[in-house]
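Peer 1: Predicted model and sequence below, questions to follow.
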2 protein chains.
Amino acid sequence: MKYTDTVAAISTPPGMGAIAMVRLSGPDALQILSTLFFRKGKPIEPSKIQHGIAMVGEVYDGEKILDEVVVTFFRAPHSYTGEDVAEVSCHGSVYIQERLMQLILDRGARLAEPGEFTLRAFMNGRMDLSQAEAVADLISSGSAGQHHLAMQQMRGGISNRLKTLRAKLLDLTSLLELELDFSQEDVELADRNELTQLLQVITQEVEPLMNSFKLGNAIKRGIPVTIAGRPNAGKSTLLNALLQEEKAIVSEIPGTTRDAIEDTVTIRGLPFRFIDTAGLREKTRDPIEAMGIERTLDKIARASVVLYLFDTSTTSLDEVKTELALLFTQLKENADVESIDNKHFILVANKIDQLIEIPHHFSEYLEMEVVFISAKRLENLEGLKEALLRSVEPFDISNQLMVTSTRHYEALSKSMDALQEAADALKQQIPTDLVAVDIRKALHHIGTITGEITTHEMLGNIFGRFCIGK
Amino acid sequence: MKYTDTVAAISTPPGMGAIAMVRLSGPDALQILSTLFFRKGKPIEPSKIQHGIAMVGEVYDGEKILDEVVVTFFRAPHSYTGEDVAEVSCHGSVYIQERLMQLILDRGARLAEPGEFTLRAFMNGRMDLSQAEAVADLISSGSAGQHHLAMQQMRGGISNRLKTLRAKLLDLTSLLELELDFSQEDVELADRNELTQLLQVITQEVEPLMNSFKLGNAIKRGIPVTIAGRPNAGKSTLLNALLQEEKAIVSEIPGTTRDAIEDTVTIRGLPFRFIDTAGLREKTRDPIEAMGIERTLDKIARASVVLYLFDTSTTSLDEVKTELALLFTQLKENADVESIDNKHFILVANKIDQLIEIPHHFSEYLEMEVVFISAKRLENLEGLKEALLRSVEPFDISNQLMVTSTRHYEALSKSMDALQEAADALKQQIPTDLVAVDIRKALHHIGTITGEITTHEMLGNIFGRFCIGK
């Protein structure tokens, strides 16, 4: 399928800046460019516009100069989308950006849908679907961890693995299906042992991918950490301390959007998203209500890591033990909350500056990891960060392929089910055609990840989440 | 003066987008680029990087790929700054932008000061000072009028006029000064009549420029319009009606920053900035206090246009007359308020939908322009807009050079004073050397506008107001 229309959009971040860029893609990009772009007051012949050469010139708005611009044209298929692409860099005034867009639309281009440039790149075979999806993740990445996972996916990490698996499966299914043509002759072209083995191998490869999803997705969205504890345990001080320390690192670089992610702290490249537990602040005489357990349960349900903070200067060991027992009982009773075994609990003993000696036996007595800090004096925040990092340790993020997309996880999950059914069918010596149906099902689901299989709705969902201009 | 260091900055608007651009300028731009930029995993030789060719490749962060980028290099002096310039277009992730900047800074570049690219362009003779200043205005322009004035200035409109005037003055002053060398011989090299005439011509050229400042500056900042009137006259409804009508025009274009300018309405390219008069809403029994005059005086003082709104369905002609008389008395008594003759008053008779017949005699009786509208039913908003446009009518914005900068206005004003003194001195046949001093003074002030004369402090003030990256 070839697109017959030409789309355009502002591709740089919204708002005012020194420079902005408007991008055009499609069969009319060159023609539109040639009526829009002038050099020394004269329009430029399309044949004079060469691939990949930055040209300085002007854009006119009627009789008047709209702006002095730099234009670069990329001829199909050697462009991002695989189509003719023109990039117009202008001054980043909101007015100029709007007028430039309007002039381009007036010349017959259409405003690009969100993600349409990348959709076109996919449709024109410039990248597969999983890679295309990674572009959106790459753009929204705000930490080294998020960036790494998105880049890995964009460079084809997951696609390559899945394509290899899929090719092997496809070979064997073809043999199985060939047998069906000779069904009256009872020929066995596909070696059943080999098939069983292959299914095992594939299962062994897909399983760690599926297991990586929980952390992969958490990193993509920011690993959710809930800080729980009594009022005045020092939660806000701790959060501010963590935020402030990390903020200093990036303060010299302009354009950081700290405001939008102000509760996310990046620790050695991994984004930890701290979830507010304001409910804990309320004071009542009822000890259960005082702990605010009811209202923290759903915050804890959303967390991967729970920091349970307490004030060492006012809280006895027994009190902490009672509080925790109460919390765990409540957690276990609450049907909405996932098993607490899936969450990593860290006890944070705060205000150690007010203690004469740190009671190192805490850890054993409470049967939990305990980190001693003073949030106020910024003491041992490093220890806390290490503990947070340890909570995601089983995965070697930099060397392991990780699934970050819910869509991919679900497709993998469905293909695993189908593969399991195929394996069972093989074991029970169920007729070949039924085995083949199961494997075809698995192939279908794997194919939806890399985009061998697509539907209009699926593409709409995927690219609808992109920003306009990409 | 040549810059010996290399600067870098993110030049696209801050935040996340499909594409962002980092720009480097200075003698090490090429060298830094060649250690940063790879093609198919291999670093690129500086000699292979050609002027104006867009190259696709990768940037590495240690062992890992940071991003796939497009790089364009512009060799000095054929660049914006007149220095070697490298533009790196990357994916617009905040993380990538930050890391890319950090990698560039690690290689020896310095974070550019606000406006430093344009400052360098000025220092390297790529544009004069008035043109350089216009770049900031161009970027912040949010309407056709603002854009037009900035573009006119950036294309050298005012500079060219001033340079011609300055050259003529300089010729004559040189002759005057030559006379001083022959002072004992009483030679008259500079024709006194010609000099007097020239001073007149220059005065006639500078005066309209100076007169254009008030409107020019108002357009740059948005022409201030105060809506005054009793509570429930319909001020908010009117403002919303005006905002909404204009909003619809731009709603299809992404990236508009409506929020920041929500009280500015662009009417046929001119920005009208509506000033809130919330004080008028207060209700008390004291009729003067009820009108909130006290608190509106300073809002009116800041306005070029005052819309006095009243409700035709509840207010009699006599009441309006009394209200207005009270307002004018107060205005005249208040020493802080500029003469009301400088302000354009428009009476707005609202809620005409509740009248059976429009009383057309209002205008004569109140001795003022009256516009009849229904803000609620959006009736005759066009008439009101025409009245607003008429209030700035004496100036033909599209064909007249306008001064928009306070700095330029002050320099022109000082040069006019000096020219006046020179003219007086000539008339009184005061010795040549004193006349020459006055003209030199005028030349100095004109020279500060185009940048023949600069000081470190002056440049600091001008470029400090730019955004980083330009």
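Peer 2: Sure, I can see it.
Peer 1: C-alpha from now on. contacts and neighbour counts both.
Peer 2: Will do.
Peer 1: what about the longest strand in chain A?
Peer 2: strand A:64-74 (DSSP state E).
Peer 1: Could you identify the helix or strand that succeeds that strand?
Peer 2: Per DSSP states H and E, the first helix or strand lying C-terminal to strand A:64-74 is strand A:85-92.
Peer 1: got a list of contacts for that next one?
Peer 2: By C-alpha atoms under 8 Å, 6 or more residues apart in numbering or on different chains, the list of residues contacting strand A:85-92 from outside reads A:15-26, A:29-30, A:33, A:67-76, A:79, A:96-97, B:12-13, B:138-139.
Peer 1: How about stretch A:219-239?
Peer 2: Outside stretch A:219-239, the residues that reach it (C-alpha under 8 Å, 6+ apart) are A:137, A:141, A:145-146, A:149, A:215, A:218, A:263-264, A:270-277, A:280-283, A:290-291, A:296, A:299-300, A:302-311, A:350, A:375-376, A:404.
Peer 1: List only those of the residues you listed flagged as buried.
Peer 2: Neighbour counting with 16 or more other C-alpha atoms under 10 Å in any protein chain shown marks A:137, A:141, A:145-146, A:149, A:215, A:218, A:263-264, A:270-277, A:280-281, A:290-291, A:296, A:299-300, A:302-311, A:350, A:375-376, A:404 as buried within these.
Peer 1: From those residues, list the ones also adjacent to chain B.
Peer 2: Counting by C-alpha under 8 Å from any C-alpha of the partner chain, the subset of those that neighbours chain B consists of residue A:141.
Peer 1: taking the buried ones among the contacts of stretch A:219-239 one by one, which sit in helices?
Peer 2: Mapping these onto helices (DSSP state H) picks out A:137, A:145, A:146, A:149, A:215, A:218, A:290, A:291, A:296, A:299, A:300.
Peer 1: Would you check these and say which has the weakest pLDDT?
Peer 2: Minimum pLDDT for those is recorded at residue A:290 (47).
Peer 1: need the contact list for residue A:313.
Peer 2: Neighbour list for residue A:313: A:351, A:352, A:354, A:355 [criterion: C-alpha under 8 Å, 6+ apart].
Peer 1: JSON lines for the residues you listed, including pLDDT, secondary structure and distance to residue A:119?
Peer 2: Conversion of the contacts of residue A:313 to JSON lines gives the following (pLDDT from 0 to 100; DSSP: H, G, I helix; E, B strand; the rest coil; distance: C-alpha to C-alpha, whole Å):
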{"residue": "A:351", "pLDDT": "88", "secondary structure": "coil", "distance to residue A:119": "53"}
{"residue": "A:352", "pLDDT": "85", "secondary structure": "helix", "distance to residue A:119": "55"}
{"residue": "A:354", "pLDDT": "80", "secondary structure": "helix", "distance to residue A:119": "59"}
{"residue": "A:355", "pLDDT": "76", "secondary structure": "coil", "distance to residue A:119": "60"}
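Peer 1: Would you mind writing the ChimeraX command to select the buried ones in those?
Peer 2: Applied in ChimeraX, the following selects the buried portion of the contacts of residue A:313 according to 16+ other C-alpha under 10 Å:
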select /A:351,352
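Peer 1: Chain B: which of the contacts of residue A:313 is nearest?
Peer 2: Nearest to chain B out of those is residue A:351 (C-alpha to the nearest C-alpha; 34.0 Å).
Peer 1: Bridged to the nearest residue to the closest one once chain neighbours are set aside, which residues?
Peer 2: With C-alpha to C-alpha, 6 or more residues apart in numbering or on different chains as the criterion, residue A:351 has its nearest non-adjacent residue at 4.6 Å, and that residue is residue A:374. The bridge-partner assignment for residue A:374, based on DSSP bridges, gives residue A:379.
Peer 1: Pull the contacting residues for residue A:374.
Peer 2: A:350, A:351, A:352, A:353, A:380, A:381.
Peer 1: And the residue of the stretch 351-470 of chain A closest to chain B?
Peer 2: Residue nearest to chain B within the stretch 351-470 of chain A: residue A:470 (4.9 Å; C-alpha to the nearest C-alpha).
Peer 1: ugh, typo on my part, it should be the stretch 101-250 of chain A
Peer 2: residue A:139 (4.1 Å).
Peer 1: That residue: how many residues sit nearby?
Peer 2: With neighbours defined by other C-alpha atoms under 10 Å in any protein chain shown, the count for residue A:139 comes to 27.
Peer 1: ok, now the one 5 residues further on?
Peer 2: A count of neighbours around residue A:144, defined by other C-alpha under 10 Å, yields 20.
Peer 1: ok, now which ones touch it?
Peer 2: By C-alpha under 8 Å, 6+ apart, residue A:144 lies in contact with A:268, A:269, A:270, B:95.
Peer 1: got the contact list for the closest residue to the third one other than its chain neighbours?
Peer 2: It stands for residue A:270. Distances taken as C-alpha to C-alpha, 6+ apart place residue A:145 nearest to residue A:270, at 4.9 Å, with adjacent residues excluded. Contacts for residue A:145 (C-alpha under 8 Å, 6+ apart) come out as A:219, A:220, A:269, A:270, A:271, A:397.
Peer 1: Contacts made by stretch A:418-438 with the rest, please.
Peer 2: Stretch A:418-438 is contacted from outside by A:173, A:176, A:177, A:179, A:180, A:192, A:196, A:199, A:203, A:439, A:441, A:442, using C-alpha under 8 Å, 6+ apart.
Peer 1: hmm, 10 Å instead?
Peer 2: A:172-177, A:179-180, A:183, A:188, A:190, A:192-193, A:195-200, A:202-203, A:412-417, A:439-445 (C-alpha atoms under 10 Å, 6 or more residues apart in numbering or on different chains).
Peer 1: from those residues, which would you call buried?
Peer 2: Using 16+ other C-alpha under 10 Å, the buried ones in those are A:172-173, A:176-177, A:179-180, A:190, A:195-196, A:198-199, A:202-203, A:412-417, A:439-445.
Peer 1: Among those, which lie within helices?
Peer 2: By the criterion of DSSP H, membership of the buried ones among the contacts of stretch A:418-438 in helices covers A:172-173, A:176-177, A:179-180, A:195-196, A:198-199, A:202-203, A:412-417, A:439-445.
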